[in-house]
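> return atomic coordinates for the entry below.
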Amino acid sequence: MSLKAELETWAAALNAYDEENFEQSLELFSVSLYSLPLILTLTPIQRIADSSKILTNMGLIYATLGEHEAAVERFIEATGLDQFLAVAFVLSTLLFFSFSSHFSSSDTFNAVSLISCYPATTGP
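Below is the predicted model of the structure:
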């Protein structure tokens, strides 16, 4: 997907979010665009959701909708792409521990493993 098309799709998704049309916003963030070559076969092009920032936005939307497990999954995917994306890491751990009763024991183990990947730092 060209940078222009990706930015236009991202802007449309953010506009849908601002209008509180969360489902449409998720659809736009998740869109897979296809090119149609002369042979008339569909060829997939990179999805806009392959970015850590897009996945973080999707996590925020899922959290807004009350779909906390999906939100945590998106935040974990985002931190998998960008291990320094602090906001996704903090939001995933906050949601996970706030709503831990919604998750299985394997999810608990995975979350603790994720947290332990980021060593605590001490102040000056």
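> next helix or strand past the helix or strand harbouring residue 72?
Here residue 72, judged by DSSP states H and E, is contained in helix 68-81. Once the chain leaves helix 68-81, the next helix or strand it forms, by DSSP H and E, is helix 86-98.
> circling back to that earlier point, for the helix holding residue 72, packing partners?
Applying 3 or more C-beta pairs under 8 Å, 6 or more residues apart in numbering; DSSP states H and E, one finds that helix 68-81 makes contact with helix 52-64, helix 86-98, helix 105-116. Quick note: C-beta positions are derived from backbone N, CA and C, even for glycine.
> again, only this time at 10 Å
helix 22-30, helix 52-64, helix 86-98, helix 105-116 (3 or more C-beta pairs under 10 Å, 6 or more residues apart in numbering; DSSP states H and E).
> and it, average pLDDT?
On average, the pLDDT along helix 68-81 is 88.
> buried stuff in that helix?
68, 70-79 (16 or more other C-beta atoms under 10 Å).
> where are the low-confidence patches of the chain?
Regions of the chain meeting the criterion pLDDT under 70 cover residues 1, 32-47, 49, 100-124.
> which helix is the longest one in it?
When the chain is parsed with DSSP state H, its longest helix is helix 3-18.
> in that helix, which residues are buried?
6, 9-10, 13, 16-17.
> format those residues as TSV; extra columns: distance to residue 86.
As requested, the buried residues of helix 3-18 are arranged in TSV below (distance: C-beta to C-beta, whole Å):
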residue	distance to residue 86
6	23
9	25
10	21
13	22
16	26
17	21
